[in-house]
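Provided below are the primary sequence and the corresponding predicted coordinates.
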Amino acid sequence: MKYRNINYTYIVICFCVLTIATTLFMFSNKNYNKATHKIIDFDSENIESMYLRVTDVYDRNNQKTLSEFFVEENALERMKVFCNTLNKEFNYLEFDDQSLLIRDHFSYKDEFRTDYGKPYFGEKDHISLLSIQIGKNAYDVFDLENKLFNGKGFEPNDFIFDNKPVPAILGYEYLGLIDIGDTIKFSYLTKDISVKVMGFFKKDTAVTIDNRIYFLDKYIIIPSLDVNFAPVDKEDASFQLILYSLKNWGYIKVNDGDDYYDYKNRVSEINNRLGLKYVVNEAYIYPYIKNISNTMHSSKGVFLIASILVFLLLSGIFIYIYLWNYNRNKKVYAIHLICGCSFRRLKLKIYFEIFMQFMLSFVLATFINRILLGQDLIYLSERRVLEQAMEQTMVLSASIMLGICAVLNIYFNKSNVYASIQKED
């Protein structure tokens, strides 16, 4: 029993040594490969403005589904706080293009329908019209007030939903089909609403956001509604949940010279506080980002070099422990050899044991580093950096493992196993 305990102890010690070395190198490698700053530079490209897209990752990347999130305690309240915080702390634009389902009869052109030009045009029983929902900040940023053809634009109170008719500004092509003051019934996000026409935009009025141009001539534009009251029933709760899940898929307007990480880190802090899964997507501004990476002279570079030295040092300790255990068990090995076991098979057993320890250490190190990544794990860019660190850790681990086996093999071949029995005699 004592012999077995000693055997298990040395295996545990070796495994712990390997895990510490692998985890430390993977962590330092990940930090080194991650850019210190991501500076946004679009002024040199003659671009007026750029936006970071805020999205959630529900239903993706092994995350919970949106339906599962909706039934969580205070899910709606947390989404409302998130939306209000974004509007308060950033130049946040709420902009969405959900269609409006017709519940009333009025004149419109086929071109206004969402299925126009599609193979299934006219096949659906219900007709939906093109619509854009725009927040107050986005309304001001795109200067839509000065693009009215006639009528009046949105006022601050128009963005607050109070179960009264929702104001709407229609595209230029609606002129002559409907008049200012008319009210139309639609279904919006499963909720029946009345839309009151307030005015019309000028011809060719357009909004450009992240390289996409929305010409508003065929659109119905309504406010991105703020709901400041608790749901009155299940249907209202469903409407508000869907509404705020869309409002939180907005855009943060950034300035030339800003650091992407400043936005990412702040949104991550808000996420952590509220228990949400939102990311700031850099995909649209990626071509305009200057990565300021680390060098070997930086603190992260020094940390990476130190982790490699620690890996080598702990590998030396690993070799020493195996040599100690080998010498301690020479007599047992000699007996196995006398009983017919080949020396090659004996060495392969030891090498396989080392291989399994390296593999399990790598798996555990990966698990630990994923935990350390925390909320950042929902970011694709962060996962890619971790994957790169895993690949480089695998290469280094394999190289060191082969080196250890080579050293042990030389020692095994030069050692005289049978001499342990002779000395005992």
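Perfect, I can see it now. Numbering: from 1, shown residues only.

pLDDT below threshold where in the stretch 1-150 of the chain?
Residue ranges of the stretch 1-150 of the chain with pLDDT under 70: 1-8, 45.

ramachandran coordinates for the residue nearest to L93 when sequence neighbours are not counted?
Spatial nearest neighbour of L93, excluding adjacent residues (C-beta to C-beta, 6 or more residues apart in numbering): A138 at 3.9 Å. (Each C-beta comes from the backbone N, C-alpha and C, glycine too.) Phi and psi for A138, reported as degrees, to the nearest 10, are phi -60, psi -40.

gap between A138 and I252?
For A138, the distance to I252 (C-beta to C-beta, to the nearest Å) stands at 11 Å.

tell me where the protein has helices.
2-33, 66-70, 75-89, 136-141, 234-247, 260-274, 299-328, 330-338, 343-373, 380-414, 419-424 (DSSP state H).

mean neighbour count, those helices: which tops it?
Highest mean neighbour count among those (mean count of other C-beta atoms under 10 Å): helix 136-141, with a mean of 20.

which residues sit against that helix?
Contacts with helix 136-141, where a contact means C-beta atoms under 8 Å, 6 or more residues apart in numbering, come from 87, 91-95, 145, 153-154, 156, 159, 223-224, 251, 253.

which one of the residues you listed is nearest F215?
Closest to F215 out of these is F95 (14.5 Å), distances taken as C-beta to C-beta.

bridging residues for the closest one?
Listed beta-bridge partners, F95: I134 (assigned using DSSP bridges).

what sits against it?
By C-beta under 8 Å, 6+ apart, the neighbours of F95 are 132-135, 138, 207, 209, 224, 250-251.

check contacts around N294.
N294 makes contact with 31-32, 35-36, 300-301, according to C-beta under 8 Å, 6+ apart.

okay if I get those residues as a markdown table plus distance to L408?
Compiled in a markdown table, the contacts of N294 are given as follows (distance: C-beta to C-beta, whole Å):
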| residue | distance to L408 |
| --- | --- |
| N31 | 32 |
| Y32 | 31 |
| A35 | 40 |
| T36 | 41 |
| K300 | 34 |
| G301 | 32 |
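
any weak-confidence spans in the stretch 251-400 of the chain?
Applying pLDDT under 70 to the stretch 251-400 of the chain flags residues 297, 329-343.

look up how far V310 lies from the nearest residue to Y260 once chain neighbours are set aside.
Leaving aside its chain neighbours, Y260 sits nearest to K38 (3.9 Å; criterion: C-beta to C-beta, 6+ apart). Distance from K38 to V310, counting by C-beta to C-beta: 29 Å.

what do you get for N46?
Using C-beta to C-beta, N46 is found at 49 Å from V310.

same thing with G135?
According to C-beta to C-beta, G135 and V310 sit 51 Å apart.

could you work out the most separated pair of the contacts of N294?
By the measure C-beta to C-beta, A35 and G301 form the most distant pair in these, at 13.2 Å.

tell me the spacing between V363 and H126.
Distance of V363 to H126, computed by C-beta to C-beta: 52 Å.

let me redo that: T65
Taken as C-beta to C-beta, the span from T65 to H126 is 26 Å.

for Y326, same thing?
In terms of C-beta to C-beta, Y326 sits 78 Å off from H126.

K34 and L386 touch, don't they?
No: when contacts are counted by C-beta atoms under 8 Å, K34 is not listed as touching L386 (9.2 Å).

where does the residue nearest the centre of the chain fall, phi/psi-wise?
In the chain, the residue lying closest to the centroid (C-alpha atoms, centre = their mean) is Y379, at 2.3 Å. Backbone torsions for Y379, taken as degrees, to the nearest 10, come to phi -90, psi 130.

show me what contacts it?
Contacts for Y379 (C-beta under 8 Å, 6+ apart) come out as 264, 279.

of the contacts of helix 136-141, keep whichever come out buried.
Buried members of the contacts of helix 136-141, counted by 16 or more other C-beta atoms under 10 Å: 87, 91-95, 153-154, 159, 223-224, 251, 253.

give me the nearest residue to N281, chain neighbours excluded.
Nearest residue to N281, sequence neighbours excluded (C-beta to C-beta, 6+ apart): R53, at 4.3 Å.

give me the neighbour count for that neighbour.
R53: 17 surrounding residues under other C-beta atoms under 10 Å.

beta partners for it?
Note on R53: beta-bridge partners by DSSP bridges are Y251, N281.

contact partners for it?
210, 249-251, 280-281, 283-284.

repeat the analysis, applying 7 Å as the threshold.
With contact taken as C-beta atoms under 7 Å, 6 or more residues apart in numbering, R53 is in contact with 210, 251, 281, 284.

touching, the third one and T55? I think so.
To tie it back to what came earlier, the one meant is N281. Yes: the pair N281 / T55 is scored as a contact, 5.5 Å apart, by C-beta atoms under 7 Å.

in terms of neighbours, single out the busier of the two.
Of the pair N281 and T55, N281 is the one with more neighbours under other C-beta under 10 Å, namely 22 against 15.

and that one, how close does it get to D143?
N281 is 25 Å from D143, where distance means C-beta to C-beta.

how many neighbours does Y51 have?
21.

quick check: closest non-adjacent residue to it.
In space, Y51 is closest to Y251, 3.9 Å off (C-beta to C-beta, 6+ apart).

before we move on, what about K147?
In this structure, K147 finds its nearest non-sequential neighbour in T205, 4.6 Å apart by C-beta to C-beta, 6+ apart.
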